[in-house]
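Colleague: Provide a 3D model corresponding to the input given below.
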Amino acid sequence: MSGPVTCVTLNDAEVVREALIKKDVEFAGRVKMHSVERLTDGYKDIVFADLNAEWKVLRKVALQGMRYFASGEKLGEKLYDAGSQMIKIIREKEGEKLDMEKYISLLIFNFLHGICFHKRFDVDDKEFLYMLEMLNVVNEEFGNGLWEDVIPLLRYWPTKRFRRIVHALDYFNKFIKKEYEDHKKTFSKDDIKDFTDFLINARNEAIAEDPAVEQMITDIHVAQVISDIFSAGVDTTRQTLTWAIFLLVQHPEIQKKAQEEIDQVLDKDQQPSISDKERLPYTEAVLHESMRFMPVVPLGVPHSTLCDTTLGEYEIPKGTMVMVNHYALHMDKDVWGDPEVFRPERLLDEDGSLAPKPMSWLPFSCGRRNCLGETIARPEMLLVLAMLLRNFSFSCAEGNTLNMTPIGFGTMKPPKNETIATIRK
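Modeller: The predicted model follows:
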């Protein structure tokens, strides 16, 4: 991408439905950008790759692997393992002012580290802390757009900001590739321990059936898929949960109501598990309302049209950038009535169960290019939120108020806030 680019922004649920569901293939392309090409080894990932044969194979295998290693009781076990470490640390800091995003990041990173590599970090591990710092750099800098994507000459003399992003993602990808290479050395098809082993095995089996696959799906493709799961999974999840905690601090009556539901469902000293999900509709509504109220990726990932097409009465040429304005959908007064109010009850039916979501609730997008990690993220975030509310009540330090102004443009990253976690008796 360079110079002026034609862009269409979709602000209405019916238009989004037409584009991403009824005409999903026509709108399933991705915009070509220098920065993305550089950071994905030439679009060899899933999130930014165009719709092609390699993408279809990679996405199918990745979904199979996530369903095997990050669903049902396996998901619950991994979360409990990572969550127990986090809860122990927060308990030791009762009454202190806490940056909750740091501790939520520890939990989510360790959860995904366990899913992908069958390992976990200690909270003070230097490599873990540095990787979180690098992810923060990418999240804060990348979402605001890069001059290198519009001024070709800057690709030869990049800005400091672009160099910072490249350094951060190169460090992160180097970590992923090292783990992947280590897994290849110790791989045994009779001992598939984690998501990385699953991908290695799937690739080996595909090559055995068709040797051409070895050139089509390379080691770089597999490493980029793992990087997608990590980078996207950590950032969006930790930010969503941090916003949820901030909103519950602002609305203590809603926090109390969710805790009462959790207490009714669980026995004394019992921690929430995946089997409790259906019995926590109000807590899940709190999470979903948080995602509506503060969508962490308000404009989603840009689409591109793969052919000349139409939307309603408008003609859309091939190669047009298409942005979905999730924030506009989530704040549509015609759908939500009072969208500026944080009110979880709006997502429940008359019986108190979760109601079907309207098309205007779209934090994971939809259609052919919907979020790869949605199957993990929704139960994962619910269990983490329930775990936190089971063990702690969250409040603001006396005399303080929360800053609720998001950081960035392409993302709605929560600002730094200090909260107090009080152990529930």
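Colleague: contact partners for the nearest residue to residue 91 once chain neighbours are set aside?
Modeller: Nearest residue to residue 91, sequence neighbours excluded (Cβ to Cβ, 6 or more residues apart in numbering): residue 423, at 5.9 Å. Every residue, glycine included, has its C-beta placed from N, CA and C. Residues in contact with residue 423 (Cβ atoms under 8 Å, 6 or more residues apart in numbering) are 91, 94, 391, 392.
Colleague: ok, now how distant is residue 423 from residue 95?
Modeller: Per Cβ to Cβ, to the nearest Å, residue 423 is found 9 Å from residue 95.
Colleague: got the residue ranges for the strands in the stretch 1-150 of the chain?
Modeller: Counting by DSSP state E, counting those that start in this stretch, the stretch 1-150 of the chain has strands at residues 7-10, 29-30, 97-98.
Colleague: and the strands in the stretch 301-425 of the chain?
Modeller: Under DSSP E, counting those that start in this stretch, the stretch 301-425 of the chain gives strands at 303-304, 309-311, 314-316, 321-324, 392-396, 419-423.
Colleague: so which of those comes closest to residue 162?
Modeller: Among those, the nearest to residue 162 by Cβ to Cβ is strand 321-324 (20.3 Å).
Colleague: re earlier: got JSON lines for the strands of the stretch 301-425 of the chain, with mean pLDDT too?
Modeller: As requested, the strands of the stretch 301-425 of the chain are exported to JSON lines (pLDDT from 0 to 100):
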{"stretch": "strand 303-304", "mean pLDDT": "95"}
{"stretch": "strand 309-311", "mean pLDDT": "96"}
{"stretch": "strand 314-316", "mean pLDDT": "95"}
{"stretch": "strand 321-324", "mean pLDDT": "96"}
{"stretch": "strand 392-396", "mean pLDDT": "96"}
{"stretch": "strand 419-423", "mean pLDDT": "95"}
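Colleague: can you list the ones you listed in TSV and add distance to residue 54?
Modeller: TSV is the format used below for those (distance: least, Cβ to Cβ, whole Å):
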stretch	distance to residue 54
strand 303-304	17
strand 309-311	24
strand 314-316	26
strand 321-324	22
strand 392-396	44
strand 419-423	44
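Colleague: out of the ones you listed, nearest to residue 293?
Modeller: Closest of the strands of the stretch 301-425 of the chain to residue 293 is strand 392-396, at 16.7 Å (criterion: Cβ to Cβ).
Colleague: nearest spatial neighbour of residue 246, skipping sequence neighbours?
Modeller: Of all residues not flanking residue 246 in the chain, residue 402 sits nearest, at 5.5 Å (Cβ to Cβ, 6+ apart).
Colleague: for the one you found, give me its contacts.
Modeller: Taking Cβ under 8 Å, 6+ apart as the test, what residue 402 contacts is 246, 249, 250, 396, 417, 419.
Colleague: so who does the residue lying closest to residue 199 once chain neighbours are set aside touch?
Modeller: Closest residue in space to residue 199, ignoring its immediate chain neighbours: residue 222 at 5.0 Å, by Cβ to Cβ, 6+ apart. Residues in contact with residue 222 (Cβ under 8 Å, 6+ apart) are 180, 199, 200, 203.
Colleague: hang on, the earlier thing: of the strands of the stretch 1-150 of the chain, which approaches residue 108 most closely?
Modeller: Of all the strands of the stretch 1-150 of the chain, it is strand 97-98 that lies closest to residue 108, at 16.1 Å by Cβ to Cβ.
Colleague: and the closest one, what does it pack against?
Modeller: Where contact means 3 or more Cβ pairs under 8 Å, 6 or more residues apart in numbering; DSSP states H and E, strand 97-98 is packed against strand 419-423.
Colleague: quick one: the strand it packs on to strand 392-396, angle?
Modeller: 150 degrees (axes from the mean of the first three to the mean of the last three Cα atoms, to 10 degrees).
Colleague: buried ones in stretch 24-33?
Modeller: Across stretch 24-33, burial judged by 16 or more other Cβ atoms under 10 Å covers 24, 26, 27, 28, 29, 30, 31, 32, 33.
Colleague: so where's this structure uncertain?
Modeller: Within the chain, the segments meeting pLDDT under 70 span 1-4, 143-144, 409-410.
Colleague: just the contacts of residue 222 now: which is nearest residue 140?
Modeller: Using Cβ to Cβ, residue 180 comes nearest to residue 140 of the contacts of residue 222, at 26.9 Å.
Colleague: so that closest one sits in a helix?
Modeller: Yes - assignment of residue 180 by DSSP: H, G, I helix; E, B strand; the rest coil places it within a helix.
Colleague: in this structure it contacts residue 221, no?
Modeller: No - using Cβ atoms under 8 Å, residue 180 is not in contact with residue 221, being 10.9 Å away.
Colleague: element containing the closest residue to residue 180 other than its chain neighbours, please.
Modeller: Closest residue to residue 180 apart from its sequence neighbours, by Cβ to Cβ, 6+ apart: residue 223 at 4.9 Å. Using DSSP states H and E, residue 223 sits in helix 219-250.
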